[in-house]
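J.: Sequence first, predicted model second:
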Amino acid sequence: MIRTLKQSSLRMMNQLGIGRLVSGSEWRRRRLLILCYHGVALADEHEWCPGLYVSPSHLERRLALLQRLRCNVLPLKEALTRLYLGDLPPRAVVLTFDDGYFDFMVRAWPLLRRFGYPATVYLTTGRVERNLPNVNLLMSYALWKSRQQTLDGRDVPGLGEQYPLGTMDQRQQLAQRVIDALIGGNGGEMRRDDVARVVTERAGIDYSALLESRLLTLMRPDEIRTMTAEGVDFQLHTHTHRTPDDPQEFVRDILVNREWLQEMTGTQASHLCYPSGNYRHDYLPLLRQHGIESATTCDPDLATHGSDPLLLPRFVDTDEVSSIVFESWVTGLAARLPRRTRRGGTGVAGHHIPTGRRYSNAWT
Ligand SMILES: [Zn+2]
C-alpha cells in the first residue's frame, strides 16, 4: 500500500516535471549516485532471489535509462576526486558490482561495454582459486529449485530424514540447520563444499553441470586478469566476506584481500566495500591508517562533499526495485523526499549471506 502510494506520487511528480528539475539542479550536480549490483542472472537466479539478482534485461533497461537521462557515468576514483573537489558533472553516477561473480564477466561486462560505462568490481578473493559455488547460496538455490519435492536429509550435517521444501520458510530453516551444523563443527569429515554438493544432488540437480555453468561462482584469477586488461576496476571486499567485531581482524582480512588483488591486477587497491553493507565505526581509524581511501555501505543515499569517504552511501538496485523508484534515485528526487533510512552500522542491519531470505538493499 505504502509502496503503491509512493510510486504514484513519484509518477505524479515526474509528470509535473519535478524529477527533471531536480535532475538538472545545482543540488543534484553536487551529489554522486553510487549504484550497487550483486548478481546478473546466468539462468533463473533473479527468480530465486530477486533481492540479490537482476536479470540481464533489467540491467540493460537501467543502463538505457542512465543514457536517456544523460547521466555522466564515471569511474569510481575520478568520481570521488571530483565529488570532494566540487567538480562533478551533472547527474554523476558510479556503477559498482559486489563480490565478483562469473556472471559479471559474461552478463554485465558486455552490456557495460556496449554503453561505454566504466565499473568497479568489489572482489572477495577467498574463493577465486578454489573456484566452487558459494556454499550458502548454492544450498538455498538448490532447495528452491526442488521446492515441489521433499529432501532426503540422511547423512547431511544437522538433518534427519525427509523435509518438505514447499515454502520459503521451510527451505530457509533447513539451510540454516545445515549451515549451523557446519559452523558448529558437526560436519565431520564432510567439508562445506561436499555438503553443498550432497544437498544439491539430493535436490535432484546435476552438480557437474552446475559447476560447468559457473552459477554462484566467482571469477577465476585468469579471468580477473583479463577483465583488468579490458578496463574493469577491481577493488577491496575482504578475503573472506566477513565483518568481525574486532577491527584488527577486519583489517587483516582486507590486507590479505589487497595482496591477492595486487597479484592479479598489478595495482594496489585502496577502495573498499563493506561485506553485506555491515560496518562498525571503530573500523574507521584503522582503515585510514592502512591507506583505505574510500569505503561504500549499502545505506541508500546520494554522496555529498560532506560524506565521510569511509561511509559512502549506495543505492542497491535489484529486481524488486521498480523503474520509477530507480529513476527517482537517478534524478535525485528520492533523496529529497522523506523516507525511512536503513543503516548498516553496528548493531542495526546485521545481515549475512542469504539462506533464502530477501536482502533488498541490505545484502551484497
Ligand atoms: Zn559482498
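T.: Done, it's in.

J.: Isn't Met139 up against Ala196?
T.: Yes - Met139 is within contact range of Ala196, at 5.6 Å (criterion: Cβ atoms under 8 Å). No exception for glycine: its C-beta is placed from N, CA and C like everyone else's.

J.: distance from the centroid: which residue in the chain tops it?
T.: Glu161 (34.8 Å; Cα atoms, centre = their mean).

J.: May I have the residues that are in contact with it?
T.: Each residue near Glu161 by Cβ atoms under 8 Å, 6 or more residues apart in numbering is listed here: Asp152, Gly153, Arg154.

J.: So Trp260 versus Arg192, what's the distance?
T.: Noted for Trp260: a distance of 20 Å to Arg192, by Cβ to Cβ, to the nearest Å.

J.: ok, now Leu255?
T.: Relative to Arg192, and taking Cβ to Cβ, Leu255 is found at 24 Å.

J.: Thr296 now?
T.: 28 Å.

J.: which of these two has more neighbours?
T.: Thr296 (29 against 18; other Cβ atoms under 10 Å).

J.: Which positions in the stretch 201-350 of the chain make contact with the ion?
T.: When proximity is defined by Cβ under 5 Å from the ion, the stretch 201-350 of the chain lies next to the ion at Pro275.

J.: Going by proximity to the ion, name the top residue of the stretch 201-350 of the chain.
T.: The nearest approach of the stretch 201-350 of the chain to the ion comes at Pro275, 4.9 Å away (Cβ to the ion).

J.: got the contact list for the closest residue to that residue other than its chain neighbours?
T.: Of all residues not flanking Pro275 in the chain, His241 sits nearest, at 4.5 Å (Cβ to Cβ, 6 or more residues apart in numbering). Contacts here follow Cβ under 8 Å, 6+ apart; on that basis His241 touches Asp99, Thr124, Gly126, Pro275, Ser276, Ile353.

J.: for this protein, what's the longest strand?
T.: Counting by DSSP state E, the longest strand found in the chain is strand 92-99.

J.: max-length helix in this structure?
T.: Longest helix in the chain, counting residues (DSSP state H): helix 247-265.

J.: so Ala295 sits in a helix?
T.: No - counting by DSSP: H, G, I helix; E, B strand; the rest coil, one finds Ala295 to be strand, located in no helix.

J.: Specify the beta-bridge partners of it.
T.: Counting by DSSP bridges, Ala295 forms beta bridges with Leu272.

J.: neighbours around it, how many?
T.: Neighbourhood size, Ala295 [other Cβ under 10 Å]: 24.

J.: Could you do Arg127 as well?
T.: 20.

J.: Test my guess that it contacts Leu218.
T.: Yes - using Cβ under 8 Å, Arg127 is in contact with Leu218, at 5.4 Å.

J.: tell me, what's touching the two both at once?
T.: With Cβ under 8 Å, 6+ apart as the test, Arg127 and Leu218 both reach Asn134.

J.: Now do the contacts for Gly332.
T.: Per Cβ under 8 Å, 6+ apart, neighbours of Gly332: Val22, Ser23, Ser25, Trp27, Arg28, Arg31, Leu33, Leu302.

J.: With Ile18 instead?
T.: Leu333.

J.: can you do 10 Å?
T.: Ile18 makes contact with Leu10, Met12, Ser328, Thr331, Leu333, Arg336, according to Cβ atoms under 10 Å, 6 or more residues apart in numbering.

J.: Leu236 too?
T.: Contact analysis of Leu236 by Cβ under 10 Å, 6+ apart lists 122-125, 253-255, 257-258, 260-261, 269-274, 287, 292, 294-295.

J.: ditto for Ala142
T.: Ala142 touches 48, 133, 151, 165, 171, 175, 196-197, 199-205, 207, 210, 216, counting by Cβ under 10 Å, 6+ apart.

J.: Ramachandran angles for Thr120?
T.: phi -110, psi 130 (degrees, to the nearest 10).

J.: err, Tyr37, not the other one
T.: When read as degrees, to the nearest 10, the backbone of Tyr37 gives phi -120, psi 150.

J.: Next one, pLDDT for it please.
T.: Looking at Tyr37, its pLDDT is 98.

J.: Same question for the one 10 residues further on.
T.: In the predicted model, Glu47 carries a pLDDT score of 94.

J.: where's it relative to Thr318, distance?
T.: 12 Å.

J.: So which of these two has more stuff around it?
T.: When Glu47 and Thr318 are compared for neighbours, Thr318 comes out ahead with 24 against 12, by other Cβ under 10 Å.

J.: The more buried one against Asp98, yeah?
T.: No - the pair Thr318 and Asp98 fails to qualify as a contact (Cβ atoms under 10 Å) at a distance of 11.8 Å.

J.: Helices along the stretch 51-200 of the chain, start to end?
T.: 56-68, 76-85, 102-103, 109-115, 135-145, 168-183, 192-202 (DSSP state H, counting those that start in this stretch).

J.: Quickly, which of those helices bottoms out on average pLDDT?
T.: Among the helices of the stretch 51-200 of the chain, helix 168-183 carries the lowest mean pLDDT (a mean of 82).
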